[in-house]
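*Asks:* below are the sequence and a predicted model; questions follow.
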Amino acid sequence: MEVNYQSFSLAFRHPFTISRGTKTHQPTLIVELRLGTFTGFGEAPAITYYNIPVEKMVADLEAKRALIGKFAFTEPGRYWHYLHHLLPENPFLVCALDIAAWDLFGKLKGKPLHVLWGLDPSKGPMTDFTIGIDTVERMVAKMKECPWPIYKIKLGVPEDLAIMEALRKHSDAVFRVDANSGWTVDEAFEKIPRLQALGVEFVEQPLDKGDWEGMKRLYAWSPLPLIADEACVQEADVAKCPGHFHGINIKLTKCSGITPALRMIAAARESGMKVMVGSMNESTVGSAAIAQLLPYLDYVDMDGPLLLKEDLATGLRFRDGKVGLPAGPGLGINFTGLYQKE
């Protein structure tokens, strides 16, 4: 296979703030795998606190480029295992290549991935729309700018409850809360009942990823479902979550692609947990990979293309929370390169 790549820094519509910091652009890497006349595309956005910048992805790709391309490709599962051992310290790059391999595989077969998996796309959940931490006035303005049936509210600051009370005055939409590891156990005990009274559906990653004892206490008491994010990164983490969380949020980039995500979904189901796939502010390229998984999911957060001012592909459709899957083979997208949305 021929291996190519491009890196981008995609502007957000508004500065995006979570409990860990603020950013105005999303760095991301796009990879291409070419086999004959067919090309598969994949994406991996860079996240600062995971210490895998785009520059590291590019350096590792260049160092192993010949080996990445020499594999005799037949299907994505075997290729992922090869990449997993070839690039053991870079799950982000493995993810981009794995998504590209699935896109290529679907194109070789002439079918969308969800069709290859025997899924009915009409069964998928609606996506939420994320409101980053900001002043109350700006957070309300963001909701009014994008009326949506489900909002994911980023919290993890002292004003959490005041923010939620103010937002609820302006919307009857479903609220989900993501603390991004921003609370102590005592804060969680204080805030969760009040969030329940405000109509919050669930709370994502309330405590630090290493506080399993605290999560065990919260799980036994919480009136709201608790969803693991930072505490459930790789396949091995799924087994730790029962008894601590009611569900898991899988991030394709962090777990290293579609291939392991499919196994994580199956493992979570076997354990009786809910399944969500979340956004890392992917463009339409990475978001289309999430979209193919929709019928497997209880919840989804795939609003990257809605949060970004710039995009790299077309094909996905969003309307009032509903996601329209592309009809084309593989991911079904049309890669355009950098363009600015209205």
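*Replies:* Alright, I've got the coordinates.

*Asks:* can I see the domain layout of the protein?
*Replies:* According to automatic domain parsing, the chain comprises the domains 2-110, 116-340.

*Asks:* now the helix or strand of the chain with the lowest mean pLDDT: buried residues?
*Replies:* Ranked by mean pLDDT, DSSP states H and E, the helix or strand of the chain with the weakest confidence is strand 334-340, at a mean of 85. Within strand 334-340, the residues scored as buried using 16 or more other CB atoms under 10 Å are F335. Bear in mind the C-beta positions are built from the backbone N, C-alpha and C, glycine included.

*Asks:* tell me the helices and strands packed up against it.
*Replies:* Taking 3 or more CB pairs under 8 Å, 6 or more residues apart in numbering; DSSP states H and E as the contact definition, the neighbouring helices and strands of strand 334-340 are strand 2-18, strand 310-314.

*Asks:* alpha carbons of that strand, as CSV, please.
*Replies:* Once non-C-alpha atoms are left out, strand 334-340 reads as follows in CSV (Å, rounded to 0.1, in the frame of the first residue of the first chain):
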residue,chain,number,x,y,z
ASN,A,334,-15.6,12.9,0.3
PHE,A,335,-12.3,14.2,1.4
THR,A,336,-11.9,17.8,0.3
GLY,A,337,-9.0,19.1,2.3
LEU,A,338,-9.3,22.3,4.3
TYR,A,339,-12.4,24.3,3.8
GLN,A,340,-14.4,26.8,5.9
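
*Asks:* just checking: what are the partner strands of that strand?
*Replies:* When pairs are called by DSSP bridges, strand 334-340 turns out to pair with strand 310-314 (antiparallel).

*Asks:* how distant is the partner strand from the center of its chain?
*Replies:* 17 Å (CA atoms, centre = their mean, to the nearest Å).

*Asks:* list the backbone torsions phi and psi for the residue lying farthest from the centre of the chain.
*Replies:* Of all residues in the chain, G36 sits farthest from the chain's C-alpha centroid, using CA atoms, centre = their mean; the distance is 30.8 Å. When quoted as degrees, to the nearest 10, the phi and psi of G36 stand at phi 60, psi -120.

*Asks:* local confidence estimate at it?
*Replies:* Model confidence at G36, expressed as pLDDT, equals 95.

*Asks:* who touches it in this structure?
*Replies:* Contact analysis of G36 by CB atoms under 8 Å, 6 or more residues apart in numbering lists nothing.

*Asks:* can you show me the strands along the stretch 1-150 of the chain?
*Replies:* In the stretch 1-150 of the chain, the strands defined using DSSP state E, counting those that start in this stretch lie at 2-18, 21-35, 38-45, 129-131, 150-154.

*Asks:* G332 is nearest to which of those?
*Replies:* Closest of the strands of the stretch 1-150 of the chain to G332 is strand 38-45, at 10.8 Å (criterion: CB to CB).

*Asks:* which strands and helices sit next to the closest one?
*Replies:* Strand 38-45 sits against strand 21-35, helix 91-109, helix 284-292, with contacts defined as 3+ CB pairs under 8 Å, 6+ apart.

*Asks:* redo those as a markdown table? Include distance to H81 and mean neighbour count.
*Replies:* What follows is the helices and strands packed on strand 38-45, written out as a markdown table (distance: least, CB to CB, whole Å; neighbours: other CB atoms under 10 Å):
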| stretch | distance to H81 | mean neighbour count |
| --- | --- | --- |
| strand 21-35 | 16 | 19 |
| helix 91-109 | 10 | 27 |
| helix 284-292 | 19 | 29 |
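
*Asks:* could you export the ones you listed as JSON lines, including distance to P158?
*Replies:* Written out in JSON lines, the entries for the helices and strands packed on strand 38-45 read as follows (distance: least, CB to CB, whole Å):
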{"stretch": "strand 21-35", "distance to P158": "16"}
{"stretch": "helix 91-109", "distance to P158": "33"}
{"stretch": "helix 284-292", "distance to P158": "33"}
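
*Asks:* quick one: which of these is nearest P260?
*Replies:* Proximity to P260, assessed across the helices and strands packed on strand 38-45 by CB to CB, is greatest for helix 91-109 (8.1 Å).

*Asks:* kindly export that closest one (C-alpha atoms) in CSV.
*Replies:* Presented in CSV, the C-alpha positions along helix 91-109 are these (Å, rounded to 0.1, in the frame of the first residue of the first chain):
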residue,chain,number,x,y,z
PRO,A,91,-2.3,4.4,19.7
PHE,A,92,-3.3,7.7,18.1
LEU,A,93,-1.4,6.9,14.9
VAL,A,94,-2.7,3.3,14.9
CYS,A,95,-6.2,4.7,15.1
ALA,A,96,-5.8,6.9,12.1
LEU,A,97,-4.3,4.0,10.1
ASP,A,98,-7.0,1.6,11.4
ILE,A,99,-9.8,4.0,10.3
ALA,A,100,-8.2,4.4,6.9
ALA,A,101,-8.0,0.6,6.6
TRP,A,102,-11.7,0.2,7.3
ASP,A,103,-12.5,2.9,4.8
LEU,A,104,-10.3,1.2,2.3
PHE,A,105,-11.9,-2.2,3.1
GLY,A,106,-15.4,-0.8,2.6
LYS,A,107,-14.5,0.7,-0.7
LEU,A,108,-12.9,-2.6,-1.9
LYS,A,109,-16.2,-4.4,-0.9
